[in-house]
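Student: Following is a predicted model, sequence given first.
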Amino acid sequence: YFAVQIHDVFKNGRYKVLNKLGFGGFSTIWAAQDNLDDKIVSLKVIRAKESSSNRELAILQRIQESTLQHPGRDHVVQLLDHFYEEQFGRKNLFIVLEFLGPSVYSVLQERLDLPFSQQLSRQLLLAVDYLQSLGIAHGGK
C-alpha cells in the first residue's frame, strides 16, 4: 500500500488529501481537494501489485470515452483523472473520481420508504442498463 497522510499533496500540488473515506483489499479511498478545479474528489489509491493493467481503470476509461446518450449515465461514477506515484520503488495507481457522498447502505439505514426505494431501484436499473449497453455488464437483450 502507498503511505498516505492527511494534508499530503499529489500531482504537483493539484490534489490535497483531506480525510480517509475507507479501504479494501486492493485500495484505500481518500477525500481530496482538487486545487485546479476547486472541488472535493475521491482519490482511490490502488495497491502497487494491482496497479499495472488495472481492470477498474480500463472500465472507467471506457465509460469516460463513451459518447452514448443514455439516462443511466448520470447514475454511474465518472472518472476525472488518474496518475501514478512511486514510493519505495513501486508504482501505485491513483484514480480520481467524482465525490459521491454517503454510501447506499448508510442512506438506507435512515430512509427506506416506498417512494425512495422506487427511485433508488430505477436509478440502479438505468445504471446497469447503461453499463450493459457499453458491454461492461453481462446479460443479453
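Tutor: Here it is on my side, so go on. Numbers count the residues shown, from 1 in each chain.
Student: How far off centre is stretch 95-113?
Tutor: 13 Å (CA atoms, centre = their mean, to the nearest Å).
Student: Now that stretch: buried residues?
Tutor: For stretch 95-113, burial by neighbour count (16 or more other CB atoms under 10 Å) applies to 95-97, 99. C-beta here means a position set from N, CA and C on the backbone, and glycine is covered the same way.
Student: repeat for stretch 127-141
Tutor: 127-131, 134, 136.
Student: how about CSV for the residues you listed, with distance to Asp38, pLDDT and secondary structure added?
Tutor: Below are those laid out as CSV (distance: CB to CB, whole Å; pLDDT from 0 to 100; DSSP: H, G, I helix; E, B strand; the rest coil):
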residue, distance to Asp38, pLDDT, secondary structure
Ala127, 27, 96, helix
Val128, 33, 95, helix
Asp129, 33, 95, helix
Tyr130, 29, 96, helix
Leu131, 30, 96, helix
Leu134, 30, 94, coil
Ile136, 31, 92, coil
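Student: Mind putting those residues into JSON lines with distance to Gln64?
Tutor: Shown next, in JSON lines, are the buried residues of stretch 127-141 (distance: CB to CB, whole Å):
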{"residue": "Ala127", "distance to Gln64": "15"}
{"residue": "Val128", "distance to Gln64": "18"}
{"residue": "Asp129", "distance to Gln64": "18"}
{"residue": "Tyr130", "distance to Gln64": "13"}
{"residue": "Leu131", "distance to Gln64": "13"}
{"residue": "Leu134", "distance to Gln64": "11"}
{"residue": "Ile136", "distance to Gln64": "12"}
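Student: Pull the residues that contact the element among helices and strands of the chain having the smallest mean pLDDT.
Tutor: Lowest on mean pLDDT, DSSP states H and E among the helices and strands of the chain sits helix 104-110, with a mean of 78. With CB atoms under 8 Å, 6 or more residues apart in numbering as the test, helix 104-110 has contacts from Leu120.
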